[in-house]
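Novice: Let me see the structure of the following:
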Amino acid sequence: NNEQIEFINIQSDGVVTEFGELAQARRGCGGCSSSTRGLIGGGTAGNPSPSFTNSVEQIQLATTANGTTFGDLSSASRNIGGVSNDTRGLFAGGGDNPALIDTIDFFTIATEGNATDFGNLTDAKKAVSGVGSPTRGLFAGGYNPSHTDDIDLVTIASAGNATDFGNLTLARAMCGGVSSPTRGVWGGGGVPSAKSNVIDFVTIASAGNATDFGDLLDQRNPDNSQICSHLRGLFVGGENPGPSACNIIAAITIATTGNATDFGDIRTTTSQSAGCSDCHGGLS
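Specialist: Numbers count the residues shown, from 1 in each chain. You can find the predicted model right below:
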C-alpha cells in the first residue's frame, strides 16, 4: 500500500510533482472529482497489515497538501470504480473478501459526509472502470467472478439501477478509463492468464458496443489510476505484464484513434491506485 499523491499537468509531457500524502496508505481504491475537489475512497488501507476500508478522503485539487477525511462508503470494499460530474461522485462495485458487491454509492462532492445509496450495477462485480460525461456514467469490465465485457450505464443526476449499455471488445478487469464529454475510452486490463494492451472507445451518448481505438505502449493493468482532460487521457502505472508495479505513463488524444505515446514517468511505481482531475469528461 502507498500513501503518496503525485500531480501532473496533463498537457505537459513528463512533468510529475509531489502533491502530498493520503492519511492512510491504500490500494485498490477508486477516485472521482469535481473541478475543485478530488475524492479517493475504499481499498485496503494501512501497513504492514492492510484491511478493507470504507473511508473516503478528499484533496483540494488547486492546492498541494495532504488528504483529509471526507466520509464513508456504505461498505468496506476494494477494487471499486469511480465516475463523477461537477456535483456528484459515484463509486460502484468492489469486493469485501470474498463477496462481490453490486452497490453504487454517491456523494455530493461539495459537502462532506457519508455515502447515499444510488442503486445497483447490473450484477455484482469488482475491478470495474468508470468514464463519464456531465450527464452519464459508464462502468465497464471487471470480475463477476470471471472476466466480463459488460458496460453498465447510469444517469449521474438520477439515482437508480444501472442498465446495459453494450460490451467492450474483450472481457477484462482493472482496465483504465478516461473520457471527454462525448467519448469514453478504456485501455489495458487483465484478461484470463494475461494482460492486454487493447484500447476501446464508445460514444457516451449512444448505447452500443465498443470500437477498437489502438494499443497501449505495453500489456498491463492500469488499475483505474487514470486522469484526463477533455483532450488527453493518461494511463498511469499498473503492472506490466507481471506482478511488479511500473511507473510508466502512456498518453492518448481522446478525439482521435491511434496507439498511445510515451508521456513520461510517475515518481513512484504503483498499481491499483486511483486518479482524479479538475478537467475530465464529466465536467462541462
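
Novice: Mind pulling the model confidence for the closest residue to G281 other than its chain neighbours?
Specialist: Closest residue in space to G281, ignoring its immediate chain neighbours: S179 at 3.3 Å, by C-beta to C-beta, 6 or more residues apart in numbering. Where C-beta positions appear, they are placed from N, C-alpha and C, glycine not excepted. S179 is assigned a predicted lDDT (pLDDT) of 97.

Novice: Quick check: S179 touching Q226?
Specialist: No: in this structure S179 lies outside contact range of Q226 using C-beta atoms under 8 Å: 9.4 Å.

Novice: Looking at those two, which is more packed in?
Specialist: The neighbour comparison of S179 against Q226 (other C-beta atoms under 10 Å) goes to Q226, with 31 against 28.

Novice: sorry, back to before: so what sits against both of S179 and Q226?
Specialist: Common contacts of S179 and Q226, defined by C-beta atoms under 8 Å, 6 or more residues apart in numbering, comprise G233.

Novice: For the residue nearest to G281, give its distance to T36.
Specialist: Using C-beta to C-beta, to the nearest Å, we find S179 at a distance of 19 Å from T36.

Novice: Please apply the same query to I249.
Specialist: For I249 relative to T36 (C-beta to C-beta), the value is 24 Å.

Novice: So these two - more neighbours on which side?
Specialist: Taking other C-beta under 10 Å, I249 and T36 do not tie; I249 has more neighbours (23 against 13).

Novice: Tell me how many other residues crowd D86.
Specialist: For D86, using other C-beta under 10 Å, the count is 19.

Novice: cool, and D200?
Specialist: 27.

Novice: can you map out the helices along the stretch 1-150 of the chain?
Specialist: Assigned by DSSP state H, counting those that start in this stretch, the helices in the stretch 1-150 of the chain number zero.

Novice: where in it is pLDDT low?
Specialist: Of all residues in the stretch 1-150 of the chain, none has pLDDT under 70.
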